[in-house]
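Visitor: Sequence first, then the predicted structure, then my questions.
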Amino acid sequence: MKLWAGRTGGDVDERLSAINNSIGFDSRMYRQDITGSIAHATMLGRQGIIPAGDAEKIVEGLKGILADIDSGALEIDMECEDIHTFVEATLTQRIGDAGKRLHTARSRNDQVALDIRMYLADRIDRLSALAKDLAHALCDVAEQHLETVMPGYTHLQRAQPVTLGHYLMAYAQMLLRDIDRLADCKRRTLVLPLGSGALAGTTYPLDRAYVAELLGFNGISMNSLDGVSDRDFALELLGDLSIMMCHLSRFSEEICLWCSWEFKFVTLADDFSTGSSIMPQKKNPDITELVRGKTGRVYGDLMTLLTAMKALPLAYNKDMQEDKEALFDAVDTAELSLSVLAPMLRTATFHPENMRRAAAGGFINATDCADYMVRKGVPFRDAYGVVGRLVRHCIEAGLTLEELPLEVYRQFSPVFDADVYPAIDLLTCVSQRNIPGGPAPEAVKATIEATRKALG
Ligand code: ARG
């Protein structure tokens, strides 16, 4: 029998239940549902909308239900339509008629909007804590590699020398922005929809601001139609998580590449590596491949909700029940991804010698060689031309710029002197890029400090 039996008989076809019931997934919001109801009942009692004694009974009853679900003493009945119905029915079973007053001046439409907001705000806190942990791990590892020279790439071609520290800190910056976006999203999530009723508010003299205060919300929604039908905060979170997963997938891709024999810049700890069932020699970075792959799921979740919300007329429509599975999948996936990457990074072994070797090939100090000529008075475009020809000569001769004898340099331009060698030394090349945000060890150190400060 349904909560809403009356208008219809309440007995429904089991196939209707199969598509209509949401308890299978919304039961995970039981804590938020109960906490929201406690605040609502407290306010109803305080405003004299329901007898104070009943409000007290309701609050005590709800606290008991929460404690019992937490302890496992009370099992959530999966035959119920949704978590809201389950909590209300259990309350009435336990405290009798007073329980029937809980839903005064409220609809499941504003109730569910409240529950999701509370649930997501909690998850945002966990997500930011995990993102911070990963950003700290990046800072810690970067700090050990301020002078670990490696090639920086464009088009996946060796381009200019950077350091591993600088490289890792690029990802820390992305996470800082992700954390900031999450905080911004939380601000808009904590707007109280309760009081919107089904769609047109309520005739009861609710104190909405008091409920907002009790629940730690920033304010109240200003239009009841919007209050029940707004899922912007959910879309924003999915958008924010999609961007964050994009960052994690890029980082994961680098780790996959770096684990390959072709690069061998890093070896993952055995605890964070997997093997092959047939190839005995294999040690695979499944972990980063999975994060890379799971990114697609989160994008899919964003598309699910964007599409479900598209063109919905005001106000609440049952389509909106579809928000939860997408949201839950996205927050679970993002949380899992963040939580594996931090320990993977902390336990990985980087190979500075291989990075250095890779940096030595590919003429990544060619720009610095041109800059050297510029310092000797040659216009940059001319210097660029000379060094291009020098590189071609080196390739034909099988030499690096460091190995090319001075007399050969001089055949290309008289400005070259013995001081060209220290000028094109890879660590010098990196150290000379000592501007804020640059790869010089000092600059990266400053970035690490600023990042740690921002992380708090
Ligand atoms: N399970 C529903 C949801 O998630 C709760 C709201 C039900 N409202 C309604 N008018 N049937 O959206």
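Guide: That came through fine. Numbers count the residues shown, from 1 in each chain.

Visitor: Those residues of the stretch 101-250 of the chain touching the ligand, which are they?
Guide: 108-109, 112 (CB under 6 Å from any ligand atom). In short, each C-beta sits where N, CA and C put it, glycine included.

Visitor: one more time with 8 Å, if that's ok
Guide: 107-109, 111-112, 198 (CB under 8 Å from any ligand atom).

Visitor: What subset of those is buried?
Guide: Among those, those scoring as buried are 107-109, 111-112 (criterion: 16 or more other CB atoms under 10 Å).

Visitor: Including secondary structure and pLDDT, could those go into a markdown table?
Guide: What follows is these, written out as a markdown table (DSSP: H, G, I helix; E, B strand; the rest coil; pLDDT from 0 to 100):
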| residue | secondary structure | pLDDT |
| --- | --- | --- |
| S107 | coil | 98 |
| R108 | helix | 98 |
| N109 | helix | 98 |
| Q111 | helix | 98 |
| V112 | helix | 98 |
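
Visitor: quick one: which of the residues you listed is nearest K2?
Guide: Distance to K2 across these (CB to CB) is lowest for R108, with 12.0 Å.

Visitor: circling back: now for the residues of the stretch 101-250 of the chain next to the ligand, which pair is the farthest apart?
Guide: Of all pairs in those, the most separated under CB to CB is V112 and A198 at 11.4 Å.

Visitor: what about the nearest residue to G216 once chain neighbours are set aside, how many neighbours?
Guide: Leaving out its chain neighbours, the residue that sits closest to G216 by CB to CB, 6 or more residues apart in numbering is L190, at 7.1 Å. Residues near L190, counting by other CB atoms under 10 Å, number 19.

Visitor: And L190, its phi and psi?
Guide: phi -90, psi 50 (degrees, to the nearest 10).

Visitor: do the same with A159
Guide: Residue torsions, per degrees, to the nearest 10, at A159 are phi -120, psi -60.

Visitor: what about it, neighbour count?
Guide: By the criterion of other CB under 10 Å, A159 has 16 neighbours.

Visitor: show me what contacts it?
Guide: 151-153, 364 (CB atoms under 8 Å, 6 or more residues apart in numbering).

Visitor: buried subset of those?
Guide: Here, 16+ other CB under 10 Å leaves 151-153, 364 buried among these.

Visitor: ok, those residues vs the ligand, which is closest?
Guide: Y153 (46.8 Å; CB to the nearest ligand atom).

Visitor: Not counting its neighbours along the chain, what's nearest the closest one?
Guide: For Y153, the spatially nearest residue (CB to CB, 6+ apart) is A159, at 5.5 Å.

Visitor: how much space is there between that neighbour and M279?
Guide: Using CB to CB, to the nearest Å, one gets 34 Å for the distance from A159 to M279.

Visitor: Any idea how many residues pack against A5?
Guide: Count around A5 with other CB under 10 Å applied: 11.

Visitor: Chain neighbours aside, what residue packs nearest to it?
Guide: D11 (7.9 Å).

Visitor: I34 is in contact with Y119, correct?
Guide: No. In this structure Y119 lies outside contact range of I34 using CB atoms under 8 Å: 11.9 Å.

Visitor: list the buried ones in the helix or strand hosting A39?
Guide: Take DSSP states H and E as the rule and A39 turns out to sit in helix 30-46. The neighbour-count check on helix 30-46 (16+ other CB under 10 Å) flags 30-45 as buried.

Visitor: Let me know the closest of those to F233.
Guide: The nearest one, if we look at the buried residues of helix 30-46 relative to F233 and count by CB to CB, is Q32, at 14.0 Å.

Visitor: Model confidence at that closest one, what's the number?
Guide: Note for Q32: predicted pLDDT of 98.

Visitor: what about it, distance to I83?
Guide: Counting by CB to CB, the separation of Q32 from I83 is 9 Å.

Visitor: what is in contact with those two at once?
Guide: D115.

Visitor: For the protein, just list every one of the strands.
Guide: 149-154, 157-163, 191-192, 219-220, 266-267, 349-350 (DSSP state E).

Visitor: Now that we have these, can you turn them into a markdown table and tack on mean pLDDT?
Guide: Below are the strands of the chain laid out as a markdown table (pLDDT from 0 to 100):
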| stretch | mean pLDDT |
| --- | --- |
| strand 149-154 | 96 |
| strand 157-163 | 94 |
| strand 191-192 | 98 |
| strand 219-220 | 98 |
| strand 266-267 | 96 |
| strand 349-350 | 98 |
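
Visitor: Show me which of the ones you listed has the highest average neighbour count.
Guide: Of all the strands of the chain, strand 191-192 has the most neighbours on average by mean count of other CB atoms under 10 Å, namely a mean of 23.
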